[in-house]
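**Q** Following is a predicted model, sequence given first.
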Amino acid sequence: MYIKESYINMHRFSKRARITIIIITIIAIILCAFGVYKYQKIRLFDKSEYKELCSNLELDGEQFDKQSDLRDYITHWADENELKYHLDDADNIIFERSAAARKKSVSPTVFIVNYNYDNAVENRKVLAGAAMVALTELDSGKSTVVFVNNEKNDGSAYAALDPSIFDNKAKVIYLDYGKQTYISTRSYAQLDEQVIVPAETEEVNCDTAIKIRIGGIKSDVIDTGITKHTNPISSFSTILTRLKTKSTISQIADIKVKNKGYMYPTGIEFTVLLNSYSVEGFISYLDKRVEAFEKANSDDNPECYYEYEVLDNDSDEFPSSAYSKATFEKLTTTLYALKNGVYRYEEDEEVPEGYQDQAIYGITCVRQLTANDDSIVIDLTSQAMNSEKMSALTRDNAAAAELAGCSIVKMDGYDVYENKKDGLVRTLRTTYFKVNDITGNNVTLNEYNDTYFTPMTFISKINSKLDIVHVKYCSKTASVLTNMLLCYLETKGNFLSL
């Protein structure tokens, strides 16, 4: 009896063990299959090709002297890789890939990235990321990658894009580069203004002229990095303020600002006229400014310069006329009063939902200064979170102009853009989580509202029905984000998704 019961128990145990082994085997097979499937998805990204392109852009980008240099660089790379593309009338570079046979009905995806030779080296990782999306063959719906000619950051190249690129059902992903990775569906408003400084010229009544040249500053689009970007017009303002506070008898002439559109100015040159007894003290001051300028800027701007030259009376560059004292006073006061920087919420203020603590709610940039005989025009570009904050910025600008007895004129502007659709942003965040590395680093793609003006606004003007998001690259996540974009394309329309 005992032997029979033992046999039965052993048989039952053996049966349970076999069932357990079978279940474990099935789970292992499922996990293995899923692992293989997922591995196939996360290995879509060719890191070696990506790194090589980034490296080449870093080495070669410093040699770009004009926009066509970068355009030709991108198209040469495409030719080497036998990619089909076309250039439109605005020099936008457009790569189009047809949908796979079984994904004809999948909504098309359009990737947008700006190209500008001035910041090609800094933006090489996002440029390379967009290039990899254009290069990689996928089993996906129709995809288009557009390198937008953003030489002047004025939106003109966007206006020239063929509307047929943007199907009503298209998902549009705008890519750019910064110090923090996030995804956004909202862009700030932007407004241009001009401060008109009435000007008069008079004869030169000082005996010495000093030509000052400040430049070699890399330009970039106007955004939250304005506080760390050297503005040559601010350097000019500092000199004017110094001359005024020291009550130095002086005149100003031949003001010329180097500017590349809706971007930070890259340089300025002007002439200060003094009497000989003031020259030594002013040159001593300039020497200190030169040293401080080079120390502060040479790392990020290796070609920067701050130089001066004392002109002989018979020099061709010695001014024949100069601005009057009243003009000098108005210009000095206006530039001193105008803000060139950001506006932030204070620590005790409540920040709106979707923004981080101490968020930037506004930006004002002194972008250009054009000197004529009868006026000096100061171009301002302001960006703000909403119409209320924009009104606050424009009031500050108007107050600065009024302080010096100058007029201010509102020019072109764009309202806040907000994509109220949440389909694309949710799918991208889910894809990012599922295809990311298993170390736990960068698992979540944070969603924040942009705190500056972005081309999402320009894109929405082409077709207001589009689902548009902005994906911000950064150094640590560039390759992960590129892989996410490829996986998103590959899995759209699949029965078994990631």
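**A** Ah, there it is. Residues are numbered from 1 along each chain as shown.
**Q** What strand or helix carries residue 131?
**A** helix 124-135 (DSSP states H and E).
**Q** Give the rounded mean pLDDT of that helix.
**A** Helix 124-135 comes out with an average pLDDT of 97.
**Q** Show me this protein divided up by domain.
**A** For the chain, the structural domains run 1-42, 47-188+418-491, 190-345+353-415, going by automatic domain parsing.
**Q** Export those domains to TSV and append columns for mean neighbour count.
**A** (Each C-beta comes from the backbone N, C-alpha and C, glycine too.) Rendered in TSV, the data for those read as follows (neighbours: other CB atoms under 10 Å):
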stretch	mean neighbour count
domain 1-42	10
domain 47-188+418-491	18
domain 190-345+353-415	17
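**Q** By mean pLDDT, show me the worst of the ones you listed.
**A** domain 1-42 (a mean of 55).
**Q** and after the helix holding residue 131, which helix or strand comes next?
**A** Helix 124-135 is succeeded, C-terminally, by strand 143-149 (DSSP H and E).
**Q** now that next one against helix 124-135, angle please.
**A** Interaxial angle, strand 143-149 versus helix 124-135 (axes from the mean of the first three to the mean of the last three CA atoms, to 10 degrees): 140 degrees.
**Q** Next one: residue 111 from residue 242, what distance?
**A** Between residue 111 and residue 242 the distance is 49 Å, computed by CB to CB, to the nearest Å.
**Q** same check, this time on residue 164
**A** Distance, residue 164 to residue 242, by CB to CB: 56 Å.
**Q** For the helix holding residue 131, name the packing helices and strands.
**A** helix 47-60, helix 67-80, strand 109-115, strand 143-149, strand 171-177, strand 467-473, helix 478-491 (3 or more CB pairs under 8 Å, 6 or more residues apart in numbering; DSSP states H and E).
**Q** tilt between the second one and helix 124-135?
**A** If I follow you right, that is helix 67-80. 40 degrees.
**Q** Beyond helix 67-80, next helix or strand please.
**A** strand 85-87.
**Q** same thing with the fourth one?
**A** Using DSSP H and E, the next helix or strand after strand 143-149 towards the C-terminus is helix 156-159.
**Q** Output that next one as PDB - backbone C-alpha positions only.
**A** C-alpha atoms of helix 156-159 as PDB (Å, rounded to 0.1, in the frame of the first residue of the first chain):
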ATOM      1  CA  SER A 156      11.100  82.300 -46.300                       C
ATOM      2  CA  ALA A 157      12.300  78.800 -47.100                       C
ATOM      3  CA  TYR A 158       9.400  77.300 -45.300                       C
ATOM      4  CA  ALA A 159       7.000  79.500 -47.300                       C
END
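**Q** ok, now which ones touch residue 65?
**A** residue 117 (CB atoms under 8 Å, 6 or more residues apart in numbering).
**Q** my bad, should have said residue 348
**A** With CB under 8 Å, 6+ apart, residue 348 has no contacts at all.
**Q** follow-up on the earlier one: closest one to residue 325 among the helices and strands packed on helix 124-135?
**A** Nearest to residue 325 among the helices and strands packed on helix 124-135 is helix 67-80; the distance by CB to CB comes to 41.8 Å.
**Q** contacts for that closest one?
**A** Applying CB under 8 Å, 6+ apart, the external contacts of helix 67-80 come out as 53, 57, 60-61, 63-64, 85, 87, 91, 93, 95, 115-117, 120, 127, 131, 134, 147, 149, 151.
**Q** try 6 Å this time
**A** Residues outside helix 67-80 that contact it (CB atoms under 6 Å, 6 or more residues apart in numbering): 64, 85, 91, 93, 115, 117, 120, 147, 151.
**Q** ok, now stretch 236-256?
**A** 206, 268-271, 273-275, 278, 319, 322-323, 328, 332, 335-336, 371.
**Q** Check the offset of it from the chain's centre.
**A** Stretch 236-256 sits 33 Å away from the centroid of its parent chain (CA atoms, centre = their mean, to the nearest Å).
**Q** do stretch 152-164 as well
**A** Relative to its chain's centre, stretch 152-164 lies at 16 Å (CA atoms, centre = their mean).
**Q** Please apply the same query to stretch 253-264.
**A** 20 Å.
**Q** bridging residues for the nearest residue to residue 227 once chain neighbours are set aside?
**A** Sequence neighbours aside, residue 341 is the residue nearest to residue 227 in space, at 5.3 Å (criterion: CB to CB, 6 or more residues apart in numbering). When bridges are called by DSSP bridges, residue 341 pairs up with residue 364.
**Q** Check the gap between residue 341 and residue 234 for me.
**A** 9 Å.
**Q** Check residue 221 too.
**A** 18 Å.
**Q** what's the answer for residue 107, then?
**A** Residue 107 is 47 Å from residue 234, by CB to CB.
**Q** ok, back up a step: can I get the helices and strands packed on helix 124-135 in a markdown table with distance to residue 309?
**A** Listed next are the helices and strands packed on helix 124-135 as a markdown table, based on distance: least, CB to CB, whole Å:
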| stretch | distance to residue 309 |
| --- | --- |
| helix 47-60 | 34 |
| helix 67-80 | 31 |
| strand 109-115 | 37 |
| strand 143-149 | 37 |
| strand 171-177 | 38 |
| strand 467-473 | 43 |
| helix 478-491 | 44 |
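**Q** nearest to residue 384, of those?
**A** Of all those, strand 467-473 comes closest under CB to CB, at 17.4 Å.
**Q** what angle do that closest one and strand 109-115 make?
**A** Using the same axes, to 10 degrees: strand 467-473 against strand 109-115 is 50 degrees.
**Q** CA atoms of stretch 130-146 as PDB?
**A** Output in PDB follows, covering the C-alpha atoms of stretch 130-146 (Å, rounded to 0.1, in the frame of the first residue of the first chain):
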ATOM      1  CA  ALA A 130      18.000  63.500 -40.100                       C
ATOM      2  CA  ALA A 131      20.500  62.100 -42.700                       C
ATOM      3  CA  MET A 132      20.300  58.700 -41.100                       C
ATOM      4  CA  VAL A 133      16.500  58.700 -41.400                       C
ATOM      5  CA  ALA A 134      16.800  59.600 -45.100                       C
ATOM      6  CA  LEU A 135      19.400  56.900 -45.600                       C
ATOM      7  CA  THR A 136      17.800  53.900 -43.800                       C
ATOM      8  CA  GLU A 137      15.600  51.600 -45.800                       C
ATOM      9  CA  LEU A 138      12.500  50.600 -43.800                       C
ATOM     10  CA  ASP A 139       9.300  48.700 -44.200                       C
ATOM     11  CA  SER A 140       7.300  51.800 -43.600                       C
ATOM     12  CA  GLY A 141       4.700  54.300 -44.900                       C
ATOM     13  CA  LYS A 142       5.800  57.200 -47.000                       C
ATOM     14  CA  SER A 143       8.500  59.300 -45.400                       C
ATOM     15  CA  THR A 144      10.000  62.600 -46.300                       C
ATOM     16  CA  VAL A 145      13.100  64.300 -44.800                       C
ATOM     17  CA  VAL A 146      13.500  68.000 -45.500                       C
END
